[in-house]
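Asks: build the 3D model from these lines:
(chains A and B)
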Amino acid sequence: MNESKTFNISPILLNTKLYPPPVTPDMVSRIDLLDRLQRNRRRPLTLISAPAGYGKSVLASMWLQVSGQRGGWVSLDETDNDLHTFVSYLLSAIQTAAPDKLWRTQALLNASALPPVAILARYLLADLDQIETPFLLILDDIHYIHEQRIFDFLEVLLNHPSPVLHLVLVGRQDPPLPIASWRAYQRITEIRLRNLRFSPDETSRFLQQMLNRPISEAIAAEWAQNTEGWPVALRLAALSLSNRPQSAHLGVNIPGENQFLEEYFLAEVLTRIPPSLQSYVLKTALLDRFCAPLCEAVCLDDPMEMTGDQFMQWLQKSNFFLINLDPQNEWFRFHHLFQADLQQMLKKQLSCQGLNALHLRASHWFAENGWPGEAIRHALAAHDTATAVEIFALHRRSEMNAEHWRQLERWIRLFPEEVVENDPVLLLTRAFLPLAYGYDMGSLVTKAVDLLATMPEDYPFTQELWAEVAYFTGLGAIMAGQAATVIDAGAKMTDTLPPEAFYLRMQALSLQALGNQMSGNLNQGLQIIQEALSAPAWPVNARAKAFHNQSLLYFMEADLASGQTLAGESIKLALKHNLDATEARYFAGVACYLRNDLTLAEQYLLPVTEYPAQADLFFLVHAGCILTRLYQARKQPEKAEALIQQTRLYLEEIDNRFLLTIFETFQIERALDQGDIARARRLSLTLNIDWRLPFWIWHYYVFQLTPIKLWVTEGTKLDQALSLLKEIDEFLRQMNRKIHRIDVLALQALAYQALDNQPKALEKLGQSLALAAPGQFIRNYIDLGPRMRELLVQLYHQAEKPEGADDLPYMAQILTAFPIEKSDDQKSISPGLIQVDPLTKRELELLKLLATDLATKDIAGEMNVTWATTRTHIKNIYSKLDVHGRYEAVQRAKELGFL
Amino acid sequence: MLPPYDRAGIYDIHITGRLDKSCVDRLGGLTIVSIEENDEGNPPVTVLKGCLPDQAALLGVLTTLYNRHYPLLLVRYLSPG
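Replies: Now for the predicted structure:
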């Protein structure tokens, strides 16, 4: 299986919308207008605004051709009234002019939630700065757009114009943009109806080309006057005359007062073609775009001797208001004005039933040929909701596999809301959309379950939908700590899901694996995923997810090194296949931070916060929390402050109150980190947060522990703190979530210390360290401040007894990493920032002897090793403690608490 | 007097409601000439006036007002622009 082919990363766009209508030799060149456009090309915007049929698109396309500039084109339509779709097309068009740029904005579009328009526009402007050669970007049919955010986006873009981008907006009416003020500042070139009318001279040239005979000035003037210089009317009128003999009079009739000019001429044209062709033309007018096989499928019952190909050839030959949509000459559409008129005629001729039948044929063809969106639209136009839902149900799987949530959301939005509310497939699919879409997952699932229970026996999707319900049951059970239910839910999904449901099957495996880890069977959990992955069919994004899910298990188990390794594999795979690596970066970053590798932690986490809009917002907030602490530890408070401001501003801009509250709660911890208890107390008074919310699995910062930390630091409510911590620890123990238990136990130790219960404090710290030692956790202890250091020193000396000696190197490693506050006259160093190899058990023994007055030779004797070995140990100790002599080493060891 | 379809003209538009600033900027250069307050808690009537380059621009203004849910009371062509 070809992975790159089966897994499509970018949202599905219609290439036919990116193709400028070709300029054909029979088109009259608009030399004056082209001159004017060319002269003003340094202005950021051109607006071509006039009613249908005045050659607006043709003019823009001619300009693109003659300007010698590179350019991109988007033909907009009603379905583009969505900022994400609109910007996706915009980027694709720009990429045709400047390939391989714009990856940052593209990354924003791949994220689950779009940022505010101003930020999106700023990203695009920054990307445009990377492009050197100016280019034209033509947005045709802008009048189809009414989404306010799209115009807000364009306004920001045009208020800070890029020197390389010249935007051309083409539409039937003026867009809602500050046109008047841009006019005043000469930032805009306007081409309007009065400029687009054909002059008698242009009329004459046009008629000569169309009719292939000389045209007198008088005739040209008469035609120009009677058609008001309207090119579409001229073309229709010319078409209606094209079969006349060369000698026939070329006077042009004008319609009566109650008839539209183009309808009149169109009727004239249609009467001159054979009835079977007429029927073919009218029926294909139902389609927004068509190709030969599609025409054939829609017109299949026509008693016509013509194939779809022959029909298309006839259309092209007869110059029938056809617009070519691709360089291969396969896809076409009718001119919009013409299509609307033809549709009116079709409606007069056919019954509702007849029209519906045509729509259904189109729907089937689109569905069979891999265009589900258009298939759904035509089925809905035929008022056949059942078929539309079925098409959706059959095609949603591959979109879920590719995690194309936006595409799925767009398809769901095609349905009337009352249909969605009453259909389990649509409801459950919506429940899968990321939280950012703002739907209430719980109520969607409940509604879907109620509906599923009432479905008839032959309902084809029953089994797979119950499997999906099981997924949500499993999610709930994770939060509730019910391992057996989690495993059952995963197993039920695996048993019932079809093999090609890759996304859901990977989620099922994760549930089973996580359930096993929760029950204390980490290896079994890992094995479940590994065994499944041995099947070659898994697409690459599912494989990346599998790595990520395994790393999650290690995190729960507090095995940072293995978690980091797998997160690293996930990143590699993601980068190779252009997938989003945010989650994996986040986990790798957390592991590095907790192990006190600050440099690497920063490398992993910065991309998560640098492009806030592309990250899952939860990761943005938690990566922000870690980086803030990291900068503070490095004595770079200005960087920490800037990051806080940036994150806060971003969350405010997108108005995510929940995450903003969590981020502000973290500021209490920050105040505590800095020893500013009064500020921490003040901040805590303004917060309104539901402390009973579940502990999310993947979060570095557990906000529920913050008030407890505040009490422990203040020495208030210690009994309450201990009772809460005990309750939380019991809950986490039940879920086997070691990574969070480490912190809860350490906090218990601090609470007992505050109560002067030293033995209990040391016992709890010992329990915390026992969980933390295999993963070599360091930073979490440092972040608990000087009191934690005091406790660690005490525990260290207690452990110096032979039975505890194995724990010494790990404790020494933590103590070495603690920052030491030096007096002003000493060089300020922070050992916490230096990556040191931990001192070994042997080295720690030797360090104690160095503090005595024994000579090196005697130390060697004491330790039963040679003099040379002792020298090597001593050299290693000096290097690890960053000192140059025995006295300095002893001093440092005292500072660190080893002696 | 027939309004020219393709030429500039001065227009007078009355709508129900109070326009916000961001909306006024997007009305092709029309300005608010008066806001007539209504009694009994009814929304005020806003009167806009100005020159528009042609009726494609007029249509753009009307569509914007419509999309922003301002009920239209009157559209009047006053004179050539």
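
Asks: and B:Ile32, how many residues sit next to it?
Replies: By the measure other C-beta atoms under 10 Å in any protein chain shown, the count of residues near B:Ile32 is 15. The C-beta positions use only the backbone N, C-alpha and C, and glycine is treated the same way.

Asks: so it touches B:Val47, yeah?
Replies: Yes: at 7.1 Å, B:Ile32 counts as touching B:Val47 under the criterion of C-beta atoms under 8 Å.

Asks: look up phi and psi at residue 27.
Replies: Chain wasn't specified; assuming chain A. Dihedral pair for A:Met27: phi -90, psi 140, per degrees, to the nearest 10.

Asks: nope, chain B
Replies: phi -110, psi 40.

Asks: again with the one 3 residues further on
Replies: With angles defined as degrees, to the nearest 10, B:Leu30 sits at phi -70, psi 150.

Asks: quick check: chain neighbours aside, which residue is closest to it?
Replies: Once flanking residues are discounted, B:Leu30 sits nearest to B:Gly50: 3.8 Å by C-beta to C-beta, 6 or more residues apart in numbering or on different chains.

Asks: so after the helix or strand where that neighbour lies, what's the next helix or strand?
Replies: Using DSSP states H and E, B:Gly50 maps to strand B:45-52. From strand B:45-52 onward toward the C-terminus, using DSSP H and E, the following helix or strand is helix B:55-67.

Asks: which strands and helices sit next to the helix or strand following that following helix?
Replies: Going down the chain from helix B:55-67, the next helix or strand is strand B:72-80, by DSSP H and E. Contacts defined by 3 or more C-beta pairs under 8 Å, 6 or more residues apart in numbering or on different chains; DSSP states H and E place strand B:72-80 against strand B:9-16, helix B:55-67.

Asks: need the contact partners of the single longest helix found in chain A.
Replies: The residue-count maximum for a helix in chain A (DSSP state H) belongs to helix A:462-480. Residues from elsewhere that reach helix A:462-480 (C-beta atoms under 8 Å, 6 or more residues apart in numbering or on different chains): A:424-425, A:428, A:431-432, A:441, A:445, A:448-449, A:452, A:455, A:483, A:485-486, A:489-490, A:492-493, A:496-498, A:501, A:504, A:507-508, A:511, A:514-515, A:518, A:694, A:697.

Asks: any of the residues you listed buried? List them.
Replies: A:424-425, A:428, A:431-432, A:441, A:445, A:448-449, A:452, A:483, A:485-486, A:489-490, A:492-493, A:496-497, A:501, A:504, A:507-508, A:511, A:514-515, A:518 (16 or more other C-beta atoms under 10 Å in any protein chain shown).

Asks: report the separation between the most centrally placed residue in chain B and A:Gln758.
Replies: The structure's chain B has its C-alpha centroid closest to B:Ile13; by C-alpha atoms, centre = their mean the separation is 3.5 Å. Distance of B:Ile13 to A:Gln758, computed by C-beta to C-beta, to the nearest Å: 81 Å.

Asks: what does A:Thr661 give?
Replies: In terms of C-beta to C-beta, A:Thr661 sits 37 Å off from A:Gln758.

Asks: next one: A:Arg670
Replies: For A:Arg670, the distance to A:Gln758 equals 29 Å [C-beta to C-beta].

Asks: comparing those two, which residue is more hemmed in?
Replies: Neighbours per residue, other C-beta under 10 Å: of A:Arg670 and A:Gln758, the larger number sits with A:Arg670, 18 against 14.

Asks: wait, doesn't that one sit right on A:Gln632?
Replies: Yes: if you go by C-beta under 8 Å, A:Arg670 and A:Gln632 touch, sitting 7.4 Å apart.

Asks: what residues are shared contacts of the two?
Replies: Common neighbours of A:Arg670 and A:Gln632 (C-beta under 8 Å, 6+ apart) are A:Ala640.

Asks: the residue in the stretch 651-800 of chain A positioned nearest to chain B: neighbour count?
Replies: Here the stretch 651-800 of chain A gets closest to chain B at one residue, A:Glu653, 16.6 Å apart by C-beta to the nearest C-beta. Neighbourhood size, A:Glu653 [other C-beta under 10 Å]: 15.

Asks: what residues does chain B have near chain A?
Replies: B:5-7, B:25-29, B:50, B:53-57, B:59-61, B:63-64, B:67-68 (C-beta under 8 Å from any C-beta of the partner chain).

Asks: which among the residues you listed count as buried?
Replies: The neighbour-count criterion (16+ other C-beta under 10 Å) marks B:6, B:25-29, B:50, B:53-57, B:59-61, B:63-64, B:68 among those as buried.

Asks: helix, strand or coil for A:Leu167?
Replies: Counting by DSSP: H, G, I helix; E, B strand; the rest coil, the backbone at A:Leu167 sits in strand.

Asks: that one pairs with what?
Replies: Following DSSP bridges, A:Leu167 is listed with bridge partners A:Leu45, A:Leu137.

Asks: can you pull the contacts of it?
Replies: A:Leu167 is in contact with A:44-46, A:137, A:139, A:154, A:157-158, counting by C-beta under 8 Å, 6+ apart.

Asks: for those, pick the one with the most neighbours.
Replies: Counting by other C-beta under 10 Å, top hit in those: A:Leu139 with 25 neighbours.

Asks: what's the host helix or strand of it packed up against?
Replies: A:Leu139 is part of strand A:135-140, with elements assigned from DSSP H and E. Counting by 3+ C-beta pairs under 8 Å, 6+ apart, the packing neighbours recorded for strand A:135-140 are helix A:56-66, strand A:70-75, helix A:83-97, strand A:165-171.

Asks: switch the cut-off to 10 Å
Replies: On a contact count with 3 or more C-beta pairs under 10 Å, 6 or more residues apart in numbering or on different chains; DSSP states H and E, strand A:135-140 meets strand A:45-49, helix A:56-66, strand A:70-75, helix A:83-97, strand A:165-171.

Asks: got the CA coordinates for that strand in PDB?
Replies: Extracted in PDB, the C-alpha atoms of strand A:135-140 (Å, rounded to 0.1, in the frame of the first residue of the first chain):
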ATOM      1  CA  PHE A 135       2.600  38.000  -7.900                       C
ATOM      2  CA  LEU A 136      -1.100  38.500  -8.600                       C
ATOM      3  CA  LEU A 137      -3.700  36.700  -6.500                       C
ATOM      4  CA  ILE A 138      -7.200  36.700  -8.100                       C
ATOM      5  CA  LEU A 139     -10.200  35.900  -6.100                       C
ATOM      6  CA  ASP A 140     -13.000  35.400  -8.600                       C
END
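
Asks: so for the helix or strand following it, what gets flagged as buried?
Replies: Per DSSP H and E, the first helix or strand lying C-terminal to strand A:135-140 is helix A:148-159. For helix A:148-159, the neighbour count (16+ other C-beta under 10 Å) marks A:148-158 as buried.

Asks: average pLDDT across helix A:148-159?
Replies: For helix A:148-159, mean pLDDT rounds to 94.

Asks: got the angle for that helix vs helix A:83-97?
Replies: Following axes from the mean of the first three to the mean of the last three C-alpha atoms, to 10 degrees, one obtains 40 degrees for the angle between helix A:148-159 and helix A:83-97.

Asks: now the angle between helix B:55-67 and helix A:148-159, please.
Replies: Here helix A:148-159 points in a direction 130 degrees away from that of helix B:55-67 (the same axes, to 10 degrees).
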